[in-house]
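>>> quick one: sequence plus predicted model below, questions after.
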Amino acid sequence: IPSGTTTTTYVQISLTGLPMPASHGRAPVNLAIVLDKSGSMQGQKLEHAKQAAINAVQLLQANDIVSIVTYDDTVHVLVPATKATDLRNICNAIRRIQPGGSTALFGGVSKGAYEVRKFISPNRVNRIILLSDGLANRGPSSPGELAQLGRALGSEGIAVSTIGLGLDYNEDLMTQLAMNSDGNHMFAETPQDVARAFAAELGDVLSVVAQEVSIVFDCASGIRPVRVLGRDAEISGQRVRLSMNQLYNQQTKFVLL
């Protein structure tokens, strides 16, 4: 940075989660699976989504918490938040899901968050996994409204990961919801890709090595921090504060100031 001149400089900080030793027990999970069962999901889409959810549930342990929420015109709590001990009944409930009408995506995520809050704890990985193939057409439905919901949930320590199915879903909406809560966003082009996306996401959920990560930049006199790109941050004088909800085993996340 040249002395005595005014210039703009970008500073990138990368954080990489330490490897999780195989002998180290993972943190318990507090997971809500939110499934779109609107009319457009009927057929192979819904069947693959149901099987992927069942596969995910079967990877949970007895001290994990799980809830299942479905939505179409309305929101249904299929399995209220409970310990993952009676996996047979939970999986049978998922198998009974049938397609319905419109897409109340905001309401589905909100109800999933309600279930997660029942057992929310800094000692658990608090996560919502949302699967949808379309647009939000019931209730709040803009990317800005879903981004605001994501920020609110992230501030509670709840990350929302989204899986978009098919080529016509609202990518901006799903990405904003995930990004603003520090969750992941994945794309499943075909119903067969849903299981892969679910497996990848659950692999991340089960490998969290840090939560509520706080990052502080202290800038020297004469250097003015302007903004952080892509993340909410608090800038006060020479100090910048921001947080990351979760960091996974050997995952790298970036901050650009």
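Right, received. Where do you want to start?
>>> could you find the closest non-adjacent residue to residue 253?
Of all residues not flanking residue 253 in the chain, residue 15 sits nearest, at 5.4 Å (C-beta to C-beta, 6 or more residues apart in numbering). Every residue, glycine included, has its C-beta placed from N, CA and C.
>>> the one you found belongs to a helix?
No - applying DSSP: H, G, I helix; E, B strand; the rest coil, one finds residue 15 to be strand, outside a helix.
>>> how close does it get to residue 234?
To residue 234, residue 15 is 18 Å away according to C-beta to C-beta, to the nearest Å.
>>> so where's this protein shaky on pLDDT?
Applying pLDDT under 70 to the chain flags the ranges 22-24, 134-139, 141.
>>> give me that answer again for 50
Along the chain, no part satisfies pLDDT under 50.
>>> now the helices for it?
Ranges of helices within the chain are 44-57, 87-95, 105-117, 143-155, 171-179, 193-205, based on DSSP state H.
>>> among the ones you listed, which is the most enclosed?
Most buried of the helices of the chain, by mean neighbour count (mean count of other C-beta atoms under 10 Å): helix 105-117, with a mean of 23.
>>> list the contacts of residue 70.
Going by C-beta atoms under 8 Å, 6 or more residues apart in numbering, residue 70 touches 34, 35, 36, 37, 76, 78, 97, 108.
>>> please produce a markdown table containing the residues you listed, extended by distance to residue 156.
Formatted as a markdown table, those follow (distance: C-beta to C-beta, whole Å):
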| residue | distance to residue 156 |
| --- | --- |
| 34 | 16 |
| 35 | 22 |
| 36 | 23 |
| 37 | 26 |
| 76 | 23 |
| 78 | 23 |
| 97 | 27 |
| 108 | 17 |
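>>> among the residues you listed, which are in strands?
Under the assignment DSSP state E, these contribute 34, 35, 36, 76, 78 to strands.
>>> count of residues packed around residue 126?
Residues lying near residue 126 (other C-beta atoms under 10 Å) number 27.
>>> picking up where we left off before, closest to residue 238 out of the helices of the chain?
Taking C-beta to C-beta, helix 143-155 is the member of these nearest to residue 238, at 24.3 Å.
>>> packing partners for that closest one?
Using 3 or more C-beta pairs under 8 Å, 6 or more residues apart in numbering; DSSP states H and E, the elements in contact with helix 143-155 are helix 105-117, strand 159-165, helix 171-179.
>>> make a markdown table out of the ones you listed and add distance to residue 213.
Shown next, in a markdown table, are the helices and strands packed on helix 143-155 (distance: least, C-beta to C-beta, whole Å):
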| stretch | distance to residue 213 |
| --- | --- |
| helix 105-117 | 19 |
| strand 159-165 | 12 |
| helix 171-179 | 16 |
